[in-house]
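Novice: Starting from these lines, generate the structure:
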Amino acid sequence: MGLQYHNQLIFAFSDTHGMYRRLAMPADADVLICAGDACEGFHPRDLQDFFAWYASRPARLRIFVPGNHDRLFDTAPLQARGLLPEGIVLLENEGINFEGIRFYGVAARPYLKGPGILPRDLDFLITHGPAYSHLDRNTGDKNLYLAIAAARPKYHLFGHVHEEGLIREATFSGTTFMNVSYFEELRGQL
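Specialist: So this is what the prediction gives:
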């Protein structure tokens, strides 16, 4: 899902589940964001293949936030981090400022709940799992919802709930919530 923000073209996606080569990305994107579930993630070579593909995509910044299927980040985090090539920024409970745009990634996967406090003045909060009550089919994280309500990032980009991906966006208290799951679209290409 692409959007223009501060003269930067930002393209965000999640839930490709190994079908990432079918993903149509804009060639002129400045920032690429993967909000997790890039592959099934049961074997390191799956993530390594995704990372090689992702690093080859044209962009000035590539962000990765792991999902629940990127299990190596939970079972062997040092090994998973070692697979990251130069040119991909891992954001797990940390942020980055890129040309005046503040990005922050949270390890909010369905079994790993989000933090109670987020930094203020964020442009983009990126998680894999959704916050409760926004494009989540009532499966989202209530603590993440409360943290977002307090910090009020401009955008919350997430995935996980495939059926809500790319359908619409929701805005609440100044935050635009966008489910960037491409699973249903990519599965339909089979």
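
Novice: got the residue ranges for the strands in the chain?
Specialist: Per DSSP state E, the chain has strands spanning 2-5, 8-13, 31-34, 61-64, 89-90, 94-98, 101-105, 124-126, 155-158, 169-172, 175-179. These are given in chain order.

Novice: can you tell me the average pLDDT over the second one?
Specialist: Averaging pLDDT along strand 8-13 yields 97.

Novice: Give me the contacts around that strand.
Specialist: In this structure, residues lying in contact with strand 8-13 by Cβ atoms under 8 Å, 6 or more residues apart in numbering are 1-4, 23, 25-26, 28-35, 59, 99, 101, 124, 126, 157, 159, 178, 180-182. For every residue, glycine as well, the C-beta is placed using N, CA and C.

Novice: Equivalent analysis for the first one, please.
Specialist: By Cβ under 8 Å, 6+ apart, the residues outside strand 2-5 that reach it are L9, I10, F11, A12, P26, A29, I101, D123, Y155.

Novice: before we move on, back to that, ok, which of the strands of the chain comes nearest A76?
Specialist: Distances from A76 to each of those were compared by Cβ to Cβ, and the smallest falls on strand 89-90, at 14.2 Å.

Novice: Sheet partners, orientation included, of that closest one?
Specialist: Neighbouring strands of strand 89-90 in its sheet, by DSSP bridges, are strand 61-64 (parallel).

Novice: any idea which helix is longest in the chain?
Specialist: Longest helix in the chain, counting residues (DSSP state H): helix 44-55.

Novice: what's the spacing between the residue nearest the centre of the chain and N7?
Specialist: Centroid-nearest residue in the chain: A35, 1.6 Å away (criterion: Cα atoms, centre = their mean). A35 sits 23 Å away from N7, taking Cβ to Cβ, to the nearest Å as the criterion.

Novice: got it, and L23?
Specialist: Taken as Cβ to Cβ, the spacing of L23 relative to N7 amounts to 24 Å.

Novice: So the two - more neighbours on which side?
Specialist: In terms of neighbours (other Cβ atoms under 10 Å), L23 is the more surrounded of L23 and N7; the figures are 16 against 9.

Novice: what helices or strands is the lowest-mean-pLDDT helix or strand in the chain leaning on?
Specialist: Taking mean pLDDT, DSSP states H and E as the measure, the chain has strand 169-172 as its least confident helix or strand, at a mean of 71. Using 3 or more Cβ pairs under 8 Å, 6 or more residues apart in numbering; DSSP states H and E as the contact test, the elements touching strand 169-172 are strand 175-179.
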